[in-house]
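[1] Pasting the sequence and the predicted coordinates here, then a few questions.
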Amino acid sequence: MEQIIYSIQHVTKEFPGVKVLSDVSIDVRKGEILAVVGENGADKSTLMNILSGGYAPTSGKIIYEGQELTSLTPQHAQKLGIAMIHQELSLSNALSVAENIFEGRLPKNRLGFVDKAELMQRSKLLLQEVGLPNLDPRTLVRDINVSQQQMVEIAKALSLEAKFLILDEPTSSLTVNEAEYLHQIMRTLKEKGITMLYISHKLDETMAISDRIVVLRDGQLITTMETAATQIDDMVSSMVGREYSAGYTRAQYKQDYSTAKPILEVKNLNVGKKVKNISFTLYEGELLGITGLVGAGRSEALQAIFGADKRQSGDIYIEGQLCQIHHPSDAIAHGLALVPEGRKLQSLFLRFSVKENITIVSMRQVLSRLKLINRKKEYTLADTYSQRLRVKTPTLDQKIVNLSGGNQQKAVIARWLANHPKILFLDEPTQGIDIGAKNEIYEIIDEMLHNGASVIMVSSEMQENISLCDRILVMYDGEIAGELYHKDATEQNIVTLMAGQKLDLSAHTST
Amino acid sequence: MKSKQLGSLQAFTKRSEFSVLIGLVVLFVAMSFASPYFLKINNIMNVLQQISRYGIISVGMALVMITGGIDLSVGYIVAISACMAAHLTTNVGLPWPAVLLIVLLMGAGIGLVNGLLVTRVHLWPFIVTLATSKVVSGAVLLLTQGMPIHMESPLCWFGSGYIGPVPVSVIMMFLIILLGTVFASCTQTGRNIYAIGNNARAAALSGIRVENTKALVYVICGLLCAFCGIMVAGNLNSADAGLGAGYETDVIAPVVIGGVSMNGGEGSIWGALIGAMIIGILKNAFILLKVSSYWQSVVIGIVILAAVTIDCFRSLRKAKA
C-alpha cells in the first residue's frame, strides 16, 4: 500500500448560513500529483484553506504524516512543510527575487546584518531548482513576468523545505507554453518526492499532469479517479449530473430567431489579453447569457462595451448605428446600463443613502429649471423604483451600507431602471445574495424583458444560465467557444464548452 | 408632516456637524462668561474678519477633500495672487477690473495644473500640490524680489471696506460659504463630487466624468485662493511673498473639524465654517484671557487631533455596524 502523507476524514465546513464542504474524505498519497476539479465554487478554495491552516474545519479530522492536526495555523503548516501557492501571487513587487524567497527569514551574519553572499548563493541554488538558472536573484520582482513570479513562489516554498505543495489555479494567468513549462517543473519536483495538490479549471491540463483526480461538486466529494484510466468525458459527467428541483423558469423563451431584430452588435472586440476578437449580436427582447470560467474574459468584455475599460478594437452598433462609446456616460446616453459584479467595489456608494444610490444615474430627471436638485422629485423617483423592485429599507434616507446584500443589489438595479435603459448588462447579478432575493431578481429580469428591454447576463451559476437565458455564449480563454440556444443549454454542454472542449450539436439539433 | 420634520431633525442630530455645532455653542457661551469684552460687537467682527480668509478657502479645500484629495498649495496661491494684484496695480498700472480678472484666472490656472497632474498623470494630490506650492513660492519671490509691494486700488475694498458695522470680507465669506453649500448639496456636480469620494469606480460606471470633476475642484480651490489673496492685499494695502505662509494647516483644520472625512465622500461646506469659527474663537480667547500666545498652537493642534480621532472612531464604528 502506498504511503499516505495527508489525510482528511469526514471534513465538514460551515459558514454562517451555508455549508461549503460536507463530509469530504481524501487521502493524498506521498509523492503524487492530485488534481482537484469542480465547477466555479467556494468548495475548492475552502478545502485548500483547511489544508493550509487558513480555516479550521467545523467537524472532521485532518491527519498529516500520521499526526492529527487539531488547531492548524498557516505558520504551523509552514513549519510542517505545507506550502500554498495562491492564485493571486503574494510577492512583494518592490523587493528583489532573493529577498522575496527569504522574506522574513533573511540569512544574517554575526553583526546582525543581512548576509548578502549567503542570500545570493542560496537563492541561486533554489532558482536553479525551479528552472531559472539565469535569473539574477537581485532582479526586482516587478521586472519579471508572471510565470517567473510563479516559479519564485515555488522557490520560496522549496526554501521552506515544503513537502506538500498546494497550487491554486497556477496556470490561470499563464500562456500555453508557460503552463507547459510549469508542468515540467512540477514533474521534476515530483521526482524529488514532493507531493502536490493541483487545482485547475482546465481539464486537459489536469489530464496531462495529474496522477489522480478528485471531483468536488457543491461541497461534496463526487469521485476519486486514476487519471490514466479516465477520459475527459467521464470527468465532465461527474462534474455535472446534478438534478435541479426548485429552479426558476420563465413562461416562455425566445425560439424563433428568423424575425429577430438585432439591437446590439459587437464586432471584433479586443481587450488586452483578456478578450480576443469576439463578435456577437444581442436581439431585441432577448436574454443573452455569457458564461465561462472566472477569468475567461466575460466581465472584461461587458465593461469594455460599456466604455469603462479601454478596448484595443471593437465596433459597437446599437439598432444598426455605429456608436462611439469611450466612457460610461456615452454608453448611458445610448441607452445602455451596467450592473457590475462586486457590489461594494463597483456599484455602491456606501456612505450615501438608499435614495442617493438609486438616483445617481438619473439626476437629470430631478433637476429644477435652475439646475438645482428638486428634493421632492428625487424622493419620488427613488420611492417609485425602490417600490417597483421591492427594496426593503426602513426609510429611503437609510444608509445603504445597513441593507442586506440582496436589497443592496435591488437598489443598484433600481438605479439603472430609473434611467429607462434599452439594453441592460447584468454582471453576476445574484452574487452573494440569498435564495429569496435571487428569485426576486429573476422575476425582475423577466419583467424587464416583458417590458421590451434586452438583457445580457454574465453569470457563473449554471442554474441561472440554464433556466433564464434564451441563448448562451460560452467563453473560454477570451474567445467565444460556443453558442447554445435554450433548448440545447444543458449543464453537460456548457461545462464541455467552458473547459475548452469541442461540442458537436448536430446530432441534437437535427431531431 | 410633523413626524417627518421630527425625523429630519433626528437625522440632523446624528450628523457629525451637529456635535461640532454643540462645541461651538459651548465655547461661545463659556467665552461670553469668561471675558466681558468677548460679546462686544467690535470683538465679534474682529474674530469674523480674521477667519474670513480661512473660511473662504475652506470651501475649496472641503470640496477637494470630499473627492478624497488634498491641496497643500493654497497658501502660496494666496501669496502669488496678492503680490500679482499689487504688482499689476502699482508697477504695471492696469485698471482694477483687469487686475481682478487676471489674478482670478491665474489662481484658477494654478488649480487647473494641480487638477490635471492629479487626474491625467495620476499623481498623488499630496505630492502634486506640495510640489506646485514650492514652484509658486519661488515664483512669488522672483516677482517681488523679496520686497513688499504697495497697493492702492478700489479692489482694497474687499479687504478693508465696511458695510455698516460689518467688514466686506465677512460678508464675502458668508456669501461664498452659502454658494458653496448650495453647490455641494443642491447641484448635480456637487452630488457627483460626493459620489467620487465615496467610490470613484462606481462613480465612473454611473457615467460621471470622474477626472474632469476632480480637476474642477482644484480649479475652484485655486480660484478662491486668488480671491482671498486680493482680499488680504486689500486689507494691508500691500503684499509680500510671506503672506500665505501656513494657510494650508489653518484651512485643513476647520475642514476636518467641520466633519469632512480624510477619506473623502462625506462632510459639508458649512461645517467648515463652524470649524473655522471654533478656531477663530480659540485664538481670540488666548488674547482676551491673556494666555501666552505660544499656547495657541498647542491647543489648536490638540483640537485638530481630537477632531480627527473622533472621525476615525466614527468611521470604525460605522464599519462594524
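    Thanks, I have it.

[2] interface residues of the stretch 51-200 of chain B facing chain A?
    Within the stretch 51-200 of chain B, the positions near chain A by Cβ under 8 Å from any Cβ of the partner chain are B:182, B:185, B:186, B:187, B:188, B:191, B:194, B:195, B:198, B:199. Backbone N, C-alpha and C define where each C-beta goes, glycine included.

[3] which ones among those are found in helices?
    Within these, residues falling in helices by DSSP state H are B:182, B:185, B:186, B:188, B:191, B:194, B:195, B:198.

[4] Can you turn the buried part of the residues you listed into a PyMOL selection?
    For the buried members of those, the matching PyMOL selection, counting by 16 or more other Cβ atoms under 10 Å in any protein chain shown, is:
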select buried, chain B and resi 186+188+191+194+195+198
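
[5] In a markdown table, list the ones in helices among the residues of the stretch 51-200 of chain B next to chain A along with pLDDT.
    Below are these laid out as a markdown table (pLDDT from 0 to 100):
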| residue | pLDDT |
| --- | --- |
| B:182 | 96 |
| B:185 | 93 |
| B:186 | 94 |
| B:188 | 96 |
| B:191 | 96 |
| B:194 | 96 |
| B:195 | 96 |
| B:198 | 94 |
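
[6] With distance to residue A:8 added, can I get the ones in helices among the residues of the stretch 51-200 of chain B next to chain A in JSON lines?
    Listed next are these as JSON lines, based on distance: Cβ to Cβ, whole Å:
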{"residue": "B:182", "distance to residue A:8": "64"}
{"residue": "B:185", "distance to residue A:8": "57"}
{"residue": "B:186", "distance to residue A:8": "61"}
{"residue": "B:188", "distance to residue A:8": "57"}
{"residue": "B:191", "distance to residue A:8": "53"}
{"residue": "B:194", "distance to residue A:8": "50"}
{"residue": "B:195", "distance to residue A:8": "47"}
{"residue": "B:198", "distance to residue A:8": "43"}
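
[7] Which of the ones in helices among the residues of the stretch 51-200 of chain B next to chain A lies at the shortest distance from residue A:21?
    Closest approach between those and residue A:21, by Cβ to Cβ: residue B:198, at 36.6 Å.

[8] ok, how many other residues are close to the nearest residue to residue A:152 once chain neighbours are set aside?
    Distance criterion Cβ to Cβ, 6 or more residues apart in numbering or on different chains; nearest residue to residue A:152, sequence neighbours excluded, is residue A:97 at 5.5 Å. Using other Cβ atoms under 10 Å in any protein chain shown, residue A:97 is surrounded by 27 other residues.

[9] these two touch, right, residue A:97 and residue A:134?
    No. Using Cβ atoms under 8 Å as the test, residue A:97 is too far from residue A:134 to be in contact (11.9 Å).

[10] gap between the spatially most central residue of chain A and residue A:467?
    Closest to where the C-alpha atoms of chain A average out (Cα atoms, centre = their mean) is residue A:294, at 3.2 Å. Remark: distance between residue A:294 and residue A:467 (Cβ to Cβ, to the nearest Å) = 21 Å.

[11] hang on, the earlier thing: got the phi and psi for the residue nearest to residue A:152?
    The phi/psi pair for residue A:97 (degrees, to the nearest 10) reads phi -60, psi -50.

[12] Then the one 5 residues further on?
    According to degrees, to the nearest 10, the main-chain angles of residue A:102 amount to phi -100, psi 30.

[13] do residue A:425 as well
    With angles defined as degrees, to the nearest 10, residue A:425 sits at phi -100, psi 130.

[14] in the chain, which ranges drop under the pLDDT threshold?
    Going with chain A. For chain A, the stretches with pLDDT under 70 are A:1, A:16-18, A:39-42, A:88, A:173, A:241-247, A:435, A:506-511.

[15] I was thinking of chain B, sorry if that wasn't clear
    B:1-16, B:314-321.

[16] Dead centre of it: give me the residue that sits there.
    Nearest to chain B centroid, counting by Cα atoms, centre = their mean: residue B:58, 1.5 Å.

[17] what's the spacing between the residue lying closest to that one once chain neighbours are set aside and residue B:176?
    Distances taken as Cβ to Cβ, 6+ apart place residue B:272 nearest to residue B:58, at 4.0 Å, with adjacent residues excluded. Residue B:272 sits at a distance of 11 Å from residue B:176 (criterion: Cβ to Cβ).

[18] Mutual contacts of these two, please.
    Residues touching both residue B:272 and residue B:176 by Cβ atoms under 8 Å, 6 or more residues apart in numbering or on different chains: B:55, B:59.

[19] Which of those two has more residues huddled nearby?
    The neighbour comparison of residue B:272 against residue B:176 (other Cβ under 10 Å) goes to residue B:272, with 35 against 22.

[20] Touching, that one and residue B:253? I think so.
    No. If you go by Cβ under 8 Å, residue B:272 and residue B:253 don't touch, sitting 9.7 Å apart.

[21] all strands for the stretch 201-350 of chain A, in order.
    Here the stretch 201-350 of chain A has its strands, by DSSP state E, counting those that start in this stretch, at A:212-217, A:220-226, A:262-271, A:275-283, A:287-292, A:313-318, A:321-323, A:336-339.

[22] Chain B: which of these is closest?
    Smallest distance to chain B across those (Cβ to the nearest Cβ): 6.1 Å, for strand A:336-339.
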